[in-house]
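**Student:** Return a 3D structure for these sequence lines:
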Amino acid sequence: MIVYEADKKQFLSDNNDRDIEDVILAKYLSATGRKVPAAEMRSWRDSLGYMSKVLSDSEIPDDVGVAVELHIPQSSKRIDISLTGRGHDNAKNVVIVELKQWDKVKSTMKDALVSTYLGGGHREVVHPSYQAWSYASLMEGFNEAVYSGGIAVQACAYLHNYERDGVIDSDHYADYIAKAPLFLRGETERGLLRTFIKQHIKFGDPKVLYELANGRIRPSKALSDSLAALLKGNAEFILIDDQKEVYEHILAAGRSASSASPKVVIVEGGPGTGKTVLAINALVTLMGAGLNCKYVSKNAAPRRVYETKLVGTMKRTHYANLFTGSGGFIDTPADQFDVLIVDEAHRLNEKSGLYGNLGENQVKELIAAAKCTVFFIDEDQRVTLSDIGTKKTIREFGVGKGAEVSEHELASQFRCSGSDGYIAWLDNTLDVRKTANKTLTIAEFDFQVFGTPGELHESIAAKNTAGTARVVAGYCWPWTSKKDPRSFDIVIGDYRKRWNLDVDGSLWIIAPNSINEVGCIHTCQGLEVDYIGVIIGPDLIVRNGHVQTVPAARDRFDKTLRGYKTRFKKNPESAAAEADLIIKNTYRTLMTRGMKGCYVYCSDEETANYFRERLSPGALAAASP
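**Tutor:** Numbers count the residues shown, from 1 in each chain. Okay, the predicted model is just below:
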C-alpha cells in the first residue's frame, strides 16, 4: 500500500501550491480510516518541504514517480519517500529515502545504534543509514517486482536539520553509510543528494511505480528453513528498528554479565513482532562469541521443528543440547550458563516434571542457572491455567538474585501482513481489550468467515501450495482416534477430521500430510504459516453482542484448564475470570499464526454473524463464500 503517489510535477505542485500534509492526510484517511498524530503531520510538512527543494532540479524528470509512506511487505513499517524511474542504462530503479528531523545524536558502542532525543527523552535507536539499508533489504526479499521483476533498490538517509559533526557520520557507522549514503543539512548536501538520485534515475517511467506498488508479496522466509544457515553465521534475517535495538541490548547484557554482576533481560512483544527471530539471532551471535548458551522453550513444537531442520547440516551432538525444555534446570548449579535465551516465557510453569511436582519455580531456576537470562514474553499468549510467566514474576526473581533487570518492547509487526490494525481489531472483537479498531477492512488482512468447516478446510488446502497453510481448532472435541485410529475426532455434520495428535504432534506443522488433519494450540504456538484456518468451538460464543466463554465446552481431557473445577469451588469469580482469559488468549493465539490470512468457521451461527458484522462491506462480501 502507498499512502500518496504522484509524479514529481504533481508532488511539487501539492507541496508548493497546497498544504502537502493535508493532501497526504486525506489519502491516509481514505486508505486506512485512521488519523495520525499532530507530530507526524508536522513531520510530513517539514521533511517533504525539504524533499521538494531536492527535487526542484530540472535534470530530474517531471515524470519520476514519487511515493510517500510506501508500506514495506510483511511488516508494519513504511518508507518515507520512494522515487522510481529508469537509470542511464534504462534499467528500472527505485531510490528510497529515510527522512529524519534530528539535529544531534550521540554515538554508542553498539553496532548501528545512536542515542538521540525522542519522545521526551534520550533513546538508543538505529542509525538512519542502517534503517534505510534494512528497509531496502526487506524490499529485495519480499516484493516480487524487486526480486524477480528487475527493479533495483538504492537506499539513502536525509537528515535535513543535521550539520555534519563527525558523530552521525563517524567511522563507527561507515559500513552502513556505505550501503545507504547519508545526506545532511545545507545546500552542498542537498546537491549531493540530487546527484545520488540522478545517478540512479535518469528517465521517468510511471510503470515502475505501478509495478513496485502492485508487486506480489511472497511469503517471508520461515525461521525454521533458514536456521541451519543462521547457525553457520549467515545473516538470513535482517533485524530492523526496534528489533536491532533490542538485539544489541541483549548482546551487551550477555557479554557483560558475570556472577558478580548478573543480568536479566525482559523482551515483550505481541504476535509476529519477531521474538523468535530475535532470540535465534542473539543465540547464534552469543555462541559465536564463545559463550555457553542454550535456547529454552516450554513448548516442544518450535524446538522439534528447529532440530528437524538441522538434520544433515551438522552432527546431532552439536545441536541436541542446544534446544531444551524449561523443566530441566531444577538441580543446575548457579551460573552454569553464560546466557539462557528463554522463548515463549509466558508459557513457563511453577513446577516441573510429568506430574508437576518437581522444583520450586521455573522462572527462579532459569535465572539462577545463568549469568544472563533473556526472557521473550507476550502475556496475552498465556493459554493454560498453569502458565505463570509474567513480567512481574520475572522482575521479582531477577531482583531477588541481585541482577540488573532491563525491559524492552518489540512493536514492529511482521505477521498478519504487518497489520497492527488486525491485531487491535482482534483484541477488540474477542473482548481481550477495548481498542478503536471495531471494523476490519480486507485490505489490511485477508480475514474470512466460512459457513461450513468443509468450505474452510478446502479453502485453506487450496492455499497450501508449499506446506504453508494449516487448519487448527479449540480443544472442544475428544481425542477418539487415540484408541481407535479409524475413528474421527472433529465431527461437525459431514465434516470429519482427526486431531494432529496421532503422530508426533510437535512436528505437525511441517509434516507433509498435516493439511488433512486439525492442529491445536500446542502444535502451532511459536510457529507460523502463510494462511491459518481456525475452527472456533462452543467454548467461545457470542450472545447479544457479548463475547462469552464456556469452560465446560472444552473436552474433559484438555490440560489447559486442568484444575479449573477445584479453583472454581474455592473462588468462583476468580476461576471464571482465569478461564475466560485462557480461552480468549487461545483463540487470539490461533488467529495470529497466519502471515497472510486467517479464515474462520464458528460452530455457533450467532458467533459467526458477530465476526461478519465487524468486517467492512468489501471484506464481508469475500467472507461469505
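
**Student:** For the closest residue to Ser261 other than its chain neighbours, which residues are in contact?
**Tutor:** Closest residue in space to Ser261, ignoring its immediate chain neighbours: Glu404 at 7.0 Å, by C-beta to C-beta, 6 or more residues apart in numbering. Every residue, glycine included, has its C-beta placed from N, CA and C. Applying C-beta atoms under 8 Å, 6 or more residues apart in numbering to Glu404 gives the contacts Ala253, Ser261, Pro262, Lys263, Val264.

**Student:** what sits against Ile81?
**Tutor:** So Ile81 contacts Leu48, Met51, Val66, Ala67, Val68, Ile96, Val97, Leu99 (C-beta under 8 Å, 6+ apart).

**Student:** which residues does it bridge with?
**Tutor:** When bridges are called by DSSP bridges, Ile81 pairs up with Val68, Val97.

**Student:** how near is it to Cys156?
**Tutor:** Distance from Ile81 to Cys156, counting by C-beta to C-beta, to the nearest Å: 10 Å.

**Student:** Kindly report the same for Phe397.
**Tutor:** In terms of C-beta to C-beta, Phe397 sits 46 Å off from Cys156.

**Student:** higher neighbour count, the two?
**Tutor:** Cys156 (25 against 21; other C-beta atoms under 10 Å).

**Student:** Val94 is in contact with that one, correct?
**Tutor:** No. Applying C-beta atoms under 8 Å as the test, Cys156 and Val94 come out as separate, 11.7 Å apart.

**Student:** on that earlier part again, ranking by neighbours, what's the top pick from the contacts of Ile81?
**Tutor:** Val68 (26 neighbours).

**Student:** Counting neighbours, what do you get for the nearest residue to Ala213 once chain neighbours are set aside?
**Tutor:** With C-beta to C-beta, 6+ apart as the criterion, Ala213 has its nearest non-adjacent residue at 5.1 Å, and that residue is Ile2. Neighbour count for Ile2, taken as other C-beta under 10 Å: 21.

**Student:** Now do the phi/psi pair for Ile266.
**Tutor:** The phi/psi pair for Ile266 (degrees, to the nearest 10) reads phi -110, psi 120.

**Student:** Could you check how many residues crowd around it?
**Tutor:** With other C-beta under 10 Å as criterion, Ile266 counts 21.

**Student:** For it, which residues are in contact?
**Tutor:** Taking C-beta under 8 Å, 6+ apart as the test, what Ile266 contacts is Phe375, Ile377, Lys391, Ile394, Arg395, Val405, Ser406, Glu407, His408.

**Student:** Mind checking which of these are in strands?
**Tutor:** Phe375, Ile377, Val405, Ser406, Glu407, His408 (DSSP state E).

**Student:** any chance you could map the strands in the stretch 451-600 of the chain?
**Tutor:** Ranges of strands within the stretch 451-600 of the chain are 469-473, 490-492, 495-497, 529-536, 540-543, 546-549, 594-602, based on DSSP state E, counting those that start in this stretch.

**Student:** hey, what's the residue nearest to Arg593 when sequence neighbours are not counted bridged with?
**Tutor:** When the adjacent residues along the chain are set aside, Arg593 lies closest to Ile532, with 4.3 Å between them (C-beta to C-beta, 6+ apart). Note on Ile532: beta-bridge partners by DSSP bridges are Arg470, Cys598.

**Student:** thought Ile532 was touching Ala469?
**Tutor:** Yes. Assessed by C-beta under 8 Å, Ile532 is found in contact with Ala469 at 7.3 Å.

**Student:** Tell me which stretches of the stretch 151-300 of the chain form helices.
**Tutor:** For the stretch 151-300 of the chain, applying DSSP state H, counting those that start in this stretch gives helices covering 174-179, 187-200, 206-213, 223-231, 242-256, 275-288, 300-310.

**Student:** C-alpha coordinates for the third one, CSV please?
**Tutor:** Once non-C-alpha atoms are left out, helix 206-213 reads as follows in CSV (Å, rounded to 0.1, in the frame of the first residue of the first chain):
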residue,chain,number,x,y,z
PRO,A,206,5.1,5.7,-14.4
LYS,A,207,5.0,1.9,-14.9
VAL,A,208,7.9,1.4,-12.4
LEU,A,209,6.0,2.9,-9.5
TYR,A,210,2.9,0.9,-10.5
GLU,A,211,4.9,-2.4,-10.6
LEU,A,212,6.5,-1.6,-7.3
ALA,A,213,3.2,-0.7,-5.6
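
**Student:** Tell me which other helices or strands that helix touches.
**Tutor:** strand 2-7, strand 65-71, strand 78-86, strand 92-100, helix 144-147 (3 or more C-beta pairs under 8 Å, 6 or more residues apart in numbering; DSSP states H and E).

**Student:** Just put the ones you listed in TSV and tack on distance to Asp19 and mean pLDDT.
**Tutor:** Shown next, in TSV, are the helices and strands packed on helix 206-213 (distance: least, C-beta to C-beta, whole Å; pLDDT from 0 to 100):
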stretch	distance to Asp19	mean pLDDT
strand 2-7	13	89
strand 65-71	14	90
strand 78-86	18	94
strand 92-100	18	96
helix 144-147	32	83
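
**Student:** now the ones you listed as CSV including distance to Asp175?
**Tutor:** Putting the helices and strands packed on helix 206-213 into CSV (distance: least, C-beta to C-beta, whole Å) gives the following:
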stretch, distance to Asp175
strand 2-7, 30
strand 65-71, 25
strand 78-86, 21
strand 92-100, 17
helix 144-147, 23
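
**Student:** Nearest to Ala334, out of the ones you listed?
**Tutor:** Across the helices and strands packed on helix 206-213, Ala334 has its closest neighbour in strand 92-100 (45.5 Å, C-beta to C-beta).

**Student:** Quick one: name whatever helix or strand follows the closest one.
**Tutor:** For strand 92-100, the following helix or strand on the C-terminal side (DSSP states H and E) is strand 106-107.

**Student:** pLDDT wise, what is Asn143 at?
**Tutor:** Model confidence at Asn143, given as pLDDT, is 79.

**Student:** what comes up buried for stretch 189-198?
**Tutor:** Glu189, Arg190, Leu192, Leu193, Arg194, Phe196, Ile197, Lys198 (16 or more other C-beta atoms under 10 Å).

**Student:** what's the closest of these to Gly353?
**Tutor:** Phe196 (62.1 Å).

**Student:** I'd assumed Phe196 was in contact with Ala132.
**Tutor:** No. Judged on C-beta under 8 Å, Ala132 makes no contact with Phe196 at a distance of 11.9 Å.

**Student:** what touches both of these two?
**Tutor:** Applying C-beta under 8 Å, 6+ apart, one finds that Ala132 and Phe196 are jointly contacted by Cys156.

**Student:** just to revisit the earlier point, right, and the helices and strands packed on helix 206-213 - which one's nearest Ala608?
**Tutor:** Nearest to Ala608, of these and by C-beta to C-beta, is strand 65-71 at 30.2 Å.

**Student:** okay, the angle between that closest one and strand 2-7?
**Tutor:** Using axes from the mean of the first three to the mean of the last three C-alpha atoms, to 10 degrees, the inter-axis angle of strand 65-71 relative to strand 2-7 is 170 degrees.

**Student:** Convert strand 65-71 to CSV, retaining C-alpha atoms only.
**Tutor:** Output in CSV follows, covering the C-alpha atoms of strand 65-71 (Å, rounded to 0.1, in the frame of the first residue of the first chain):
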residue,chain,number,x,y,z
GLY,A,65,7.4,8.6,-9.6
VAL,A,66,7.1,9.8,-6.0
ALA,A,67,5.6,7.7,-3.3
VAL,A,68,5.1,8.7,0.3
GLU,A,69,4.7,6.2,3.1
LEU,A,70,5.2,3.0,1.0
HIS,A,71,4.2,0.0,3.1
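
**Student:** Okay, angle between that strand and strand 92-100 too, please.
**Tutor:** Using the same axes, to 10 degrees, strand 65-71 lies at 60 degrees relative to strand 92-100.

**Student:** by contact count, what packs against strand 65-71?
**Tutor:** strand 2-7, helix 8-16, helix 20-32, helix 38-55, strand 78-86, helix 206-213.

**Student:** quick one: contacts of the shortest one?
**Tutor:** Outside of strand 2-7, the residues that reach it under the criterion C-beta under 8 Å, 6+ apart are 14, 23-24, 27-28, 31, 62-71, 78, 82, 204, 206, 209, 213.
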